[in-house]
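>>> dropping the sequence and predicted coords here.
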Amino acid sequence: MPSIAATRRRFLGGLVTVGVAGLSLPALPRLAAGQDLPLTPACDDGDEVTIAQTEGPYFTPDSPERAMLREEGMAGTPIMLSGFVLTRSCRPIPRALVELWHANDAGEYDNAGYRLRGHQFTDADGRYRFETIVPGLYPGRTRHFHVKFQAPGEPVLTTQLYFPDEPGNERDRIFDAALLLETDLRPPMTGRYDAVLDVA
Ligand SMILES: [Fe+2]
């Protein structure tokens, strides 16, 4: 009997194959780990503001400030999650808070400590970047990250980010296609989401 973690890994392996075979990947510049994002965010003046979604039951305040959430020996597919935090008019927001928390490869949250939890602030160009793993699945939800974005002195936006071509998306009652990551499945896998906050 394979472990749940092994099953998840096999499932994700299948997902990768389907995504590549279907040529459904967005045509994005490749962003290898450690490589900077392109200087210009891919957005237009008047872009839709990022929608809010429920925080869910597993948020823990006071997470450590860090970009590296992946730990030595941790099961799961490595992924670099990155993007810009932008104003409504597409201006990058420096020093914006970006908080990330998510399930491990087996679909479990660390509710006792801070594993796979962290926050950081965007750089002078409004960019953020986390090194983590692809979240595992747990009953009742499709694959997702939980995130909070906050421009300095502005309200917190809480939402979730999703994976393209994920079979569970259609069945998930919270899922919204506006919150899909742009992913590149070639290792090291990357996911990009540019958040647009309701600030001038
Ligand atoms: Fe969740």
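Structure's in. What do you need? Keep in mind it's a predicted model, so treat the numbers as computed, not measured. Numbering: from 1, shown residues only.

>>> and for Thr158, the neighbour number?
17 (other Cβ atoms under 10 Å). No exception for glycine: its C-beta is placed from N, CA and C like everyone else's.

>>> please apply the same query to Gly168.
The burial count for Gly168: 15, using other Cβ under 10 Å.

>>> residues touching it, list them.
Leu137, Arg141, Thr142, Arg143, Phe175 (Cβ atoms under 8 Å, 6 or more residues apart in numbering).

>>> go ahead and confirm the last one touches Pro164.
When you say that, I think you mean Phe175. No - using Cβ atoms under 8 Å, Phe175 is not in contact with Pro164, being 11.4 Å away.

>>> those two: which is more packed in?
Phe175 (20 against 17).

>>> how about that one, nearest residue that isn't a chain neighbour?
Nearest residue to Phe175, sequence neighbours excluded (Cβ to Cβ, 6 or more residues apart in numbering): Asn169, at 4.9 Å.

>>> hang on, the one you found is in a helix, isn't it?
Yes - Asn169 forms part of a helix when assessed by DSSP: H, G, I helix; E, B strand; the rest coil.

>>> ok, it - contacts?
Contact analysis of Asn169 by Cβ under 8 Å, 6+ apart lists Thr142, Tyr162, Phe163, Phe175, Ala177.

>>> list buried residues within the residues you listed.
Thr142, Tyr162, Phe163, Phe175 (16 or more other Cβ atoms under 10 Å).

>>> list the residues that contact the third one.
With contacts taken as Cβ under 8 Å, 6+ apart, Phe163 has the following neighbours: Leu15, Val134, Thr142, Arg143, His144, Asn169, Leu180, Leu181, Thr183, Gly191.

>>> helices along the protein, start to end?
Assigned by DSSP state H, the chain shows helices spanning 4-21.

>>> tell me where it is predicted with low confidence.
The chain contains residues with pLDDT under 70 at 1-47.

>>> what about Asp165, distance to Leu180?
10 Å (Cβ to Cβ, to the nearest Å).

>>> compare the two (neighbour count), which wins?
Leu180 (18 against 15).

>>> my guess is that one contacts Gln160, does it?
No - if you go by Cβ under 8 Å, Leu180 and Gln160 don't touch, sitting 10.7 Å apart.

>>> kindly reformat the buried ones among the contacts of Asn169 as CSV containing distance to Phe130.
Formatted as CSV, those follow (distance: Cβ to Cβ, whole Å):
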residue, distance to Phe130
Thr142, 20
Tyr162, 16
Phe163, 15
Phe175, 21
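
>>> which strand runs longest in the chain?
Ranked by number of residues, the top strand in the chain under DSSP state E is strand 78-86.

>>> can you name every helix or strand that that one contacts?
strand 127-133, strand 189-192, strand 195-196 (3 or more Cβ pairs under 8 Å, 6 or more residues apart in numbering; DSSP states H and E).
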